[in-house]
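Undergrad: got a predicted structure here, sequence first:
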Amino acid sequence: MKEEIKLNCVSIKRSNGIDDHISIKIKGKDNINDLHEGNSKLVIYIGGDPVVIIPSINFPSIEDVIEEIIDKSFLSIYQKGMNPAQILLKGLDLDIRAWSKNNYDSHFLYFKISFPLLKCLKEVGETKFQIVFQQEILKRYATSSLQVKKYLEHEGYLKLISDFF
C-alpha cells in the first residue's frame with residue numbers, strides 16, 4: 001500500500017483491487033490550524049467523492065469526534081504538540097489502515113465512518129465489497145449496542161441487504 005502524507009492530507013493508495021484511493025483531507029479557509037477554530041472541515045473521500053465530513057450532523061465538533069473515537073493510549077502518545085485536527089487526521093489514518101488490512105471489519109473503524117465508507121466502496125462495483133458491506137451490516141446489527149442498531153436502522157442500511165443472504 002503506497003501512501004502520501006502531507007501536513008493537511010493523508011492519501012492511502014489502494015493496491016487491493018480499487019483503482020481509486022481513500023484520502024483524508026483538511027478543507028477550508030487557510031490550513032490545518034483553522035480546523036479547530038471552526039473554519040475548516042476534515043473530509044474523507046473515496047475516489048474523489050466526499051463520503052464523511054467532520055464537523056457535520058453526525059459529527060458536531062472535532063473535539064467530540066476525538067473524545068468518541070480516538071483511543072486514549074493514542075492520545076497520550078500524540079497529543080503533545082498537536083492540535084485537534086492533527087490528532088484526528090493521524091488517528092483516522094491509523095484506523096482506516098487497520099480497517100482495510102482487516103478486510104474492512106467495521107470493529108476497526110468507528111461505525112459512523114465505516115458504514116458510509118463501505119457503502120461507497122460497494123458502489124465501486126466489486127462483488128467483494130458488496131459481500132463485505134452486507135456481512136458487516138448483519139454482523140453489527142446482530143452483535144452491537146443499541147446505539148449501533150439504531151444508527152443502522154435510521155440511516156437505512158438494513159434496507160440495503162439483498163436476498164443474497
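TA: Good, I have the coordinates. Numbering: from 1, shown residues only.
Undergrad: name the SS class of the most centrally placed residue in the chain, please.
TA: Residue closest to the mean C-alpha point of the chain, counted by CA atoms, centre = their mean, is residue 113 at 3.7 Å. At residue 113 the chain is in helix, as set by DSSP: H, G, I helix; E, B strand; the rest coil.
Undergrad: how about the one 4 residues further on?
TA: At residue 117, secondary structure determined by three-state DSSP is helix.
Undergrad: what does the pLDDT read for it?
TA: Looking at residue 117, its pLDDT reads 94.
Undergrad: the nearest residue to it once chain neighbours are set aside: what's it in contact with?
TA: Spatially, and ignoring its direct neighbours in sequence, residue 117 is nearest to residue 51 (5.7 Å; CB to CB, 6 or more residues apart in numbering). All C-beta spots, glycine's among them, are computed from the backbone N, C-alpha and C. Counting by CB atoms under 8 Å, 6 or more residues apart in numbering, residue 51 touches 44, 45, 116, 117, 120.
Undergrad: what strands flank whichever strand or helix holds residue 51, and is each parallel or antiparallel?
TA: Residue 51 is part of strand 49-54, with elements assigned from DSSP states H and E. Using DSSP bridges, the strands paired with strand 49-54 are strand 40-46 (antiparallel).
Undergrad: quick one: the partner strand to chain centroid distance?
TA: In terms of CA atoms, centre = their mean, to the nearest Å, the centre of strand 40-46 is set 10 Å apart from its chain centre.
Undergrad: what is the burial count for the closest residue to residue 49 other than its chain neighbours?
TA: Closest residue in space to residue 49, ignoring its immediate chain neighbours: residue 120 at 6.8 Å, by CB to CB, 6+ apart. Around residue 120 there are 21 other residues, counting by other CB atoms under 10 Å.
Undergrad: so residue 120 touches residue 46, yeah?
TA: Yes: at 4.5 Å, residue 120 and residue 46 qualify as touching, with contact defined as CB atoms under 8 Å.
Undergrad: check which residues of the strand holding residue 51 are buried.
TA: For strand 49-54, a neighbour-count test (16 or more other CB atoms under 10 Å) marks 51, 52, 53, 54 as buried.
Undergrad: so what's the residue nearest to the centre of the chain up against?
TA: 44, 52, 69, 92, 95.
Undergrad: residue 154: which of those residues is nearest?
TA: Distances from residue 154 to the contacts of residue 113, taken as CB to CB, are shortest for residue 52 (16.3 Å).
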